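Asks: What follows is a protein structure lacking sequence information:
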């Protein structure tokens, strides 16, 4: 897997197309959840795009955000997604590990927050994330805020 972490201005047109296509394929089509994916955060300073390529195929993607963008207390990880054709060999765990490393390298003094689909709490828990607050509904899907504390 070839990983790269890029700001909006560093993304090529093809990379941008591929990451938006993957997000739509999984979050909108596969999960049958029409929602406004383009939320205005992708282009902000302090937001980075983690791309995981298997050859020329975008197999995994996540968005990491500086403290104050996705969460007031710490950095944040969002839009965690793997390609349906690349699942089954632990890619999701490798993706999350890369995203956590990206946050820890850039914002080491801060915790990391993410909004997990409720059924994936165990997956995120294996990476040190703990439930925080009450569950909530986002785009008709139950979610739980989760935080990984540093240290």
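Replies: Thanks, I have it. In this text the structure is predicted, and so the values were computed from the model without any measurement. Numbers count the residues shown, from 1 in each chain.

Asks: quick one: low-confidence parts of the chain?
Replies: Across the chain, the ranges flagged by pLDDT under 70 are 151.

Asks: mind listing the helices for it?
Replies: For the chain, the helices defined by DSSP state H cover 13-23, 91-106, 121-125.

Asks: so what's residue 46 closest to, chain neighbours aside?
Replies: Of all residues not flanking residue 46 in the chain, residue 66 sits nearest, at 3.2 Å (Cβ to Cβ, 6 or more residues apart in numbering). For glycine as for every other residue, the C-beta is placed from the backbone atoms N, C-alpha and C.

Asks: gap between residue 59 and residue 13?
Replies: 19 Å (Cβ to Cβ, to the nearest Å).

Asks: Neighbour count for the two, which is higher?
Replies: Using other Cβ atoms under 10 Å as the criterion, residue 59 and residue 13 rank with residue 59 on top: 23 against 7.

Asks: so residue 83 makes contact with residue 58?
Replies: Yes. Between residue 83 and residue 58 there is a contact under Cβ atoms under 8 Å: 6.7 Å.

Asks: now the strands for the chain?
Replies: 2-7, 47-54, 57-65, 75-82, 112-117, 130-131, 136-138, 141-148 (DSSP state E).

Asks: do you know how far residue 67 is from residue 47?
Replies: 12 Å.

Asks: Over to residue 94?
Replies: For residue 94, the distance to residue 47 equals 21 Å [Cβ to Cβ].

Asks: still on that earlier bit, who wins for proximity to residue 31 among the strands of the chain?
Replies: strand 141-148 (7.3 Å; Cβ to Cβ).

Asks: Make TSV from the strands of the chain and add distance to residue 100 to it.
Replies: Shown next, in TSV, are the strands of the chain (distance: least, Cβ to Cβ, whole Å):
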stretch	distance to residue 100
strand 2-7	12
strand 47-54	10
strand 57-65	9
strand 75-82	7
strand 112-117	6
strand 130-131	14
strand 136-138	22
strand 141-148	7
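
Asks: Of these, which is nearest residue 25?
Replies: strand 75-82 (8.5 Å).

Asks: which residues does residue 85 contact?
Replies: Each residue near residue 85 by Cβ atoms under 8 Å, 6 or more residues apart in numbering is listed here: 57, 59.

Asks: How much space separates it from residue 103?
Replies: As judged by Cβ to Cβ, residue 85 and residue 103 stand 27 Å apart.

Asks: what does residue 74 give?
Replies: Distance from residue 74 to residue 103, by Cβ to Cβ: 8 Å.
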